[in-house]
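Asker: I'd like to go over a predicted model; first the sequence, then the structure.
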Amino acid sequence: MRNKIVSATEAVAIIRSGDTVAFSAFVGIGTPDAVICATQKRFLETRASKKCSWPWP
């Protein structure tokens, strides 16, 4: 990867079916809302990422 900063859509594009996706935030501050929304949009459009795990405390 040339650039470590990517858009939410680009980040979601590298999530494959069966992956576990995790992130951390303090009381909602820093929660990657754009990534969560992009993941939902991708799933609704393509039905991809059917078997992904999203651990949430």
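Answerer: Received the coordinates, thanks.
Asker: Who are the contact partners of residue 35?
Answerer: Contacts for residue 35 (C-beta atoms under 8 Å, 6 or more residues apart in numbering) come out as 8, 11, 12, 23. Glycine gets a C-beta too; all of them are placed from N, C-alpha and C.
Asker: Let's have those residues in a markdown table, adding distance to residue 38.
Answerer: Shown next, in a markdown table, are those (distance: C-beta to C-beta, whole Å):
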| residue | distance to residue 38 |
| --- | --- |
| 8 | 4 |
| 11 | 7 |
| 12 | 4 |
| 23 | 13 |
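Asker: Can you mark which positions in the longest helix along the chain are buried?
Answerer: Determined from DSSP state H, the single longest helix within the chain is helix 33-46. Buried residues in helix 33-46, counted by 16 or more other C-beta atoms under 10 Å: 35, 38, 39, 42.
Asker: Please name the spatially closest residue to the third one (chain neighbours excluded).
Answerer: Which is residue 39. residue 12 (5.1 Å; C-beta to C-beta, 6 or more residues apart in numbering).
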